[in-house]
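Asker: Generate a structure from the sequence data that follows.
(4 chains)
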There are 2 protein chains.
Amino acid sequence: MTTPAQDRTRRTILLAAIRVLGSNRRASMREIGEAADVARSTVHRYFADRPALEAAVGSFVEEEYGRIAENARPQDGTGLEALMRLATELFDRLDVVGWWFLMPEDEQSPDAPEEDEIVSAIVDRGHADGSIDPVLPSAWVSDLLWSLLYSANAHTRFPRHTRGEVRSLFLHSLRKSVAVG
Amino acid sequence: MTTPAQDRTRRTILLAAIRVLGSNRRASMREIGEAADVARSTVHRYFADRPALEAAVGSFVEEEYGRIAENARPQDGTGLEALMRLATELFDRLDVVGWWFLMPEDEQSPDAPEEDEIVSAIVDRGHADGSIDPVLPSAWVSDLLWSLLYSANAHTRFPRHTRGEVRSLFLHSLRKSVAVG
DNA sequence: CCCGAATAGGACATCTGTGTCTTAATAGTG
DNA sequence: CACTATTAAGACACAGATGTCCTATTCGGG
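Answerer: Residues are numbered from 1 along each chain as shown, chains lettered A, B, ... in the order given. From the prediction side, this is the model:
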């Protein structure tokens, strides 16, 4: 159905959309096209209308999230170790997953339980093996992770600290919040 | 210059704008007017154009933040105690300060150092009196506070837990992240 | 209760974004 | 190199938002 060239173009547009809409939710299709170095008509050929584009971005980010999570080997080691690995991977892919920081609740994809399931499984294991504070519900730990990512993301925009400094503060804070004690 | 009725209307519109733009950044002036139970022409009489309205909302939120912070008595007790009081007050006024969660960096008011100054002062005192982890820079603590608020805010939208449960999780996580040990 | 202040409701021109097409140029592939 | 797939560029109609204005109505303070 799709040629390699089409796949490349499609991906380029999606990444540009994440970038542009990430910094301005009101950006027009033309701006997105410019960011992708592509004519507006080309954007419209790949994505019938704006809702279709936004939905496609949502799916794209979810797929990427799946890959990122798998990359963190969520089954290996203790729950806390897995959580920290996942956190590290997510930090390094904020350019993609940062998309979720601008979805005004209703535009969220209807299902989107995948992230919760992955983190929940990790946290449950962490509860069982005693590496994660049993007081914290897994949904809260999940939100904790994402809120710290949000904060880290904000911190990397204004480079008060280097990216490495932000990453270690982020990981340090997460571990401290979540570990037992 | 302004009558009491005008003040009331103006405030009503600002609060409606926070509410509506908070759930949809692309909302029109008409929608904002409807949310405030006011004609679109009335909105335009109070705020010349959309940028003026958004700027006014920004100022309004900053002023409210000042009041909220003062209400938390930032000079009393240890730094950690003051920080927890501030966090509590901010949680209870998420309807207003939640506005800052949708500002895409560039639209932020150019100055906006007030929040950092207030929290910074608290954290510095906490460092001095030994109640706040000296490893954490005050800017990071500030971002930590705001990211946990973001998370708490997200949690209150989908009421998986009661508001009280979310508040105590929020405060618990903040204390654990920030306190020494 | 009354009069001025404030608002509702709507007309109007304008502008921007959107979605659809068409044609010429360009790119990639066999 | 040749041929096809893909794109750029722009015209077009349309919808919605915006900002300005005016008039009838309602509100509220004295």
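Asker: CA only for contacts and neighbour counts going forward, please
Answerer: Will do.
Asker: where does A:Ala179 fall, phi/psi-wise?
Answerer: phi -70, psi 160 (degrees, to the nearest 10).
Asker: I'd assumed A:Asp133 was in contact with it.
Answerer: Yes. The pair A:Ala179 / A:Asp133 is scored as a contact, 5.4 Å apart, by CA atoms under 8 Å.
Asker: quick one, domains of chain A?
Answerer: As recorded under automatic domain parsing, the domains making up chain A are A:1-47, A:60-178.
Asker: taking those domains together, which one is wrapped up most tightly?
Answerer: Of all the domains of chain A, domain A:60-178 carries the top mean neighbour count, a mean of 18, counting by mean count of other CA atoms under 10 Å in any protein chain shown.
Asker: for that domain, what is the average pLDDT?
Answerer: On average, the pLDDT along domain A:60-178 is 87.
Asker: Kindly report the same for stretch A:43-55.
Answerer: Taken as a whole, stretch A:43-55 carries a mean pLDDT of 96.
Asker: Check whether that stretch comes near chain B.
Answerer: No. Residues of stretch A:43-55 are not located near chain B by CA under 8 Å from any CA of the partner chain, the shortest gap being 13.0 Å.
Asker: Could you list every helix and strand in contact with the longest helix along chain A?
Answerer: Ranked by number of residues, the top helix in chain A under DSSP state H is helix A:50-71. Where contact means 3 or more CA pairs under 8 Å, 6 or more residues apart in numbering or on different chains; DSSP states H and E, helix A:50-71 is packed against helix A:4-23, helix A:79-92, helix A:94-97, helix A:114-129.
Asker: can you tell me which of these comes nearest to A:Pro51?
Answerer: Nearest to A:Pro51, of all the helices and strands packed on helix A:50-71, is helix A:4-23, at 12.2 Å by CA to CA.
Asker: How far off centre is that closest one?
Answerer: Relative to its chain's centre, helix A:4-23 lies at 16 Å (CA atoms, centre = their mean, to the nearest Å).
Asker: and what of stretch A:8-27?
Answerer: Relative to the centre of its chain, stretch A:8-27 is centred 14 Å away, using CA atoms, centre = their mean.
Asker: Pull up the residues of chain A that are close to DNA strand C.
Answerer: Proximity of chain A to DNA strand C (CA under 7 Å from any atom of the strand) is limited to residues A:Pro4, A:Ala5, A:Ala27, A:Ser28, A:Met29, A:Arg30, A:Ser41, A:His44, A:Ala48, A:Asp49, A:Arg50, A:Pro51.
Asker: Tell me the spatial nearest neighbour of the fifth one, not counting adjacent residues.
Answerer: Going back to what we said before, that points to A:Met29. Nearest in space to A:Met29, with sequence neighbours left out and distances taken as CA to CA, 6 or more residues apart in numbering or on different chains, is A:Arg40 at 6.5 Å.
Asker: I'd guessed the one you found sits against A:Tyr46; true?
Answerer: No. Look at A:Arg40 against A:Tyr46 with CA under 8 Å: they stay out of range, at 10.2 Å.
Asker: Would you quantify the distance from the residue most central in space within chain A to DNA strand D?
Answerer: In chain A, the residue lying closest to the centroid (CA atoms, centre = their mean) is A:Val97, at 1.8 Å. For A:Val97, the distance to DNA strand D equals 25 Å [CA to the nearest atom of the strand, to the nearest Å].
Asker: With adjacent residues omitted, what lies nearest to that residue?
Answerer: In space, and not counting its chain neighbours, A:Val97 is closest to A:Val61: 6.3 Å by CA to CA, 6+ apart.
Asker: With A:Arg10 instead?
Answerer: That would be A:Tyr46: by CA to CA, 6+ apart, it lies 6.7 Å from A:Arg10.
Asker: Do you know the pLDDT at A:Asp5?
Answerer: One thing to correct before we go on: residue A:5 is Ala, not Asp. At A:Ala5, the pLDDT recorded in the model is 88.
Asker: Report the distance from the strand or helix carrying A:Asp143 to the chain centre.
Answerer: Per DSSP states H and E, A:Asp143 falls inside helix A:138-157. Centroid separation for helix A:138-157 versus its chain: 10 Å, with CA atoms, centre = their mean.
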